[in-house]
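*Asks:* Below: sequence and its predicted model.
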Amino acid sequence: MIHFRNLITVEQGSKDEFDFYITSIDASDLIVNSNVERLSEGKGVQRYLNEQRTLDIAKFCQQNDAIFPTPIIVSLNTDFVNQENKNEGKLSVWSASEAKNKLDGDLVPFSIIDGQHRLAGIEKYFETNKENQKKFMLPLIIYKDASIESSAKIFVTINANQRSVDRSTISQLFGVIYKNSSLYTVESFASTVVNSLNSSDISPFYHRIKMLGRKTNKHEFISQGTVAKKIIDRISSNIQEDNLNIEKGQKLTEGDSSKIFREYFRKNTPESVTEFMINYFSAFEIAFSSVWDNEDLLTKKAVGFSSLMNFFTSLHLKYKFQKFNEVLNFFEKYSNEKIENELQQIFSKNRGSSESVAKQISDHLNNIFQLNDEFDINS
């Protein structure tokens, strides 16, 4: 028997079919006492299960601070309700195993209306962590005997009107979460770098990053989310795994050569990435000011930033510049009218704004600066 106590009844409009109860349940109890009826089967409202999302949630469960504050929403088959217990604020439900002799078929008390991936991810975690399992108490919203029509309305109301949170806001919040931590997650490390780039008066991004994704002054030209993503791309191929290893105090792997910021991350030094970004972007800004400052070009758009990050990665991999003067000296060898005209052409706004365009631009930059050739920069 599953006992729910201290239920909160929430009335919804004039139709009592949408009234519901708020309570909580042990995830293990809900897993064995619920099913998922799918839209593709013609008898439910759920989408296909996304296996990758399930695996991601299972990995998330391993974190010490894994929480699930969003309610799972279910329909309760009232045939399972113990009719002898109808006290206000209490509800007793026969579990599926206890009810086998009371009901025909393989029925279960609950049908999932919303939350199948969270539940599947927790179940996957239980399956792969037989020992030292954590207990997850989940907030639960219960509708009684919801019809497929009612379930569909509830599901659409929840999901059709959702708006994803801007990537820049998420990045900033990661910085807030780990503000007083001695160790960085991948995301908070990137957020720390972006905040430093925006606050340093020697940075070409000084007060020019849209920290929450929207302009607060006319000089801001790039969003925190865009900058943070490109930093993260150069740190990790598996963010969840890296974060979990950090939490457990395990050593991080080195990663492939394209992860040029990974060693700084392993050493817990975001200031080194900040210095790298300032050195490379400042040198480019000084050597090619007519390209950097031209508002009619893609240079300061997301696609331009992405292409420059690709190019600077290739440049660093070839020459391993560590100081600003080294980068500036390299660019100044190419600082002439012919090169600037070529740069203005490849950063032309009529090229589009996709990642494939960014790749094309960075390939052109590699050719212009002879990164694909054997070239002596001292010649």
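*Replies:* Perfect, I can see it now. Residues are numbered from 1 along each chain as shown.
*Asks:* what's the distance between residue 195 and residue 324?
*Replies:* 21 Å (C-beta to C-beta, to the nearest Å). Where you see a C-beta, it was placed from the backbone N, CA and C, and this is true even at glycine.
*Asks:* so residue 113 is in which element?
*Replies:* Per DSSP states H and E, residue 113 falls inside strand 110-114.
*Asks:* I'd like the average pLDDT over that strand.
*Replies:* For strand 110-114, mean pLDDT is 92.
*Asks:* cool, stretch 186-197 as well?
*Replies:* Mean pLDDT, computed over stretch 186-197, is 95.
*Asks:* Alpha carbons of whichever strand or helix holds residue 341, in PDB - could you do that?
*Replies:* Assessed by DSSP H and E, residue 341 sits inside helix 337-346. Output of helix 337-346 as PDB, limited to C-alpha atoms (Å, rounded to 0.1, in the frame of the first residue of the first chain):
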ATOM      1  CA  GLU A 337      45.900  46.800 -47.800                       C
ATOM      2  CA  LYS A 338      45.700  43.600 -49.800                       C
ATOM      3  CA  ILE A 339      45.200  41.300 -46.800                       C
ATOM      4  CA  GLU A 340      42.600  43.700 -45.300                       C
ATOM      5  CA  ASN A 341      40.700  43.700 -48.500                       C
ATOM      6  CA  GLU A 342      40.700  39.900 -48.500                       C
ATOM      7  CA  LEU A 343      39.500  39.900 -44.900                       C
ATOM      8  CA  GLN A 344      36.700  42.300 -45.600                       C
ATOM      9  CA  GLN A 345      35.500  40.000 -48.400                       C
ATOM     10  CA  ILE A 346      35.500  36.800 -46.400                       C
END
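*Asks:* Name the surrounding residues that touch the helix or strand following that helix.
*Replies:* Sequence order places helix 355-368 as the next helix or strand after helix 337-346, per DSSP H and E. Applying C-beta atoms under 8 Å, 6 or more residues apart in numbering, the external contacts of helix 355-368 come out as 298, 303-304, 306-308, 310-311, 314, 334, 339, 342-343, 346-347, 351, 371-372.
*Asks:* same thing but at 7 Å, please
*Replies:* Outside of helix 355-368, the residues within contact range by C-beta atoms under 7 Å, 6 or more residues apart in numbering are 303, 306, 307, 310, 311, 314, 339, 342, 346, 347, 351, 372.
*Asks:* As JSON lines, the residues you listed with pLDDT and distance to residue 75 would be great.
*Replies:* Below are the contacts of helix 355-368 laid out as JSON lines (pLDDT from 0 to 100; distance: C-beta to C-beta, whole Å):
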{"residue": "303", "pLDDT": "95", "distance to residue 75": "47"}
{"residue": "306", "pLDDT": "97", "distance to residue 75": "46"}
{"residue": "307", "pLDDT": "97", "distance to residue 75": "51"}
{"residue": "310", "pLDDT": "96", "distance to residue 75": "50"}
{"residue": "311", "pLDDT": "97", "distance to residue 75": "55"}
{"residue": "314", "pLDDT": "96", "distance to residue 75": "55"}
{"residue": "339", "pLDDT": "95", "distance to residue 75": "67"}
{"residue": "342", "pLDDT": "95", "distance to residue 75": "64"}
{"residue": "346", "pLDDT": "94", "distance to residue 75": "57"}
{"residue": "347", "pLDDT": "95", "distance to residue 75": "56"}
{"residue": "351", "pLDDT": "81", "distance to residue 75": "52"}
{"residue": "372", "pLDDT": "77", "distance to residue 75": "61"}
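*Asks:* closest to residue 286 among those residues?
*Replies:* residue 339 (14.2 Å; C-beta to C-beta).
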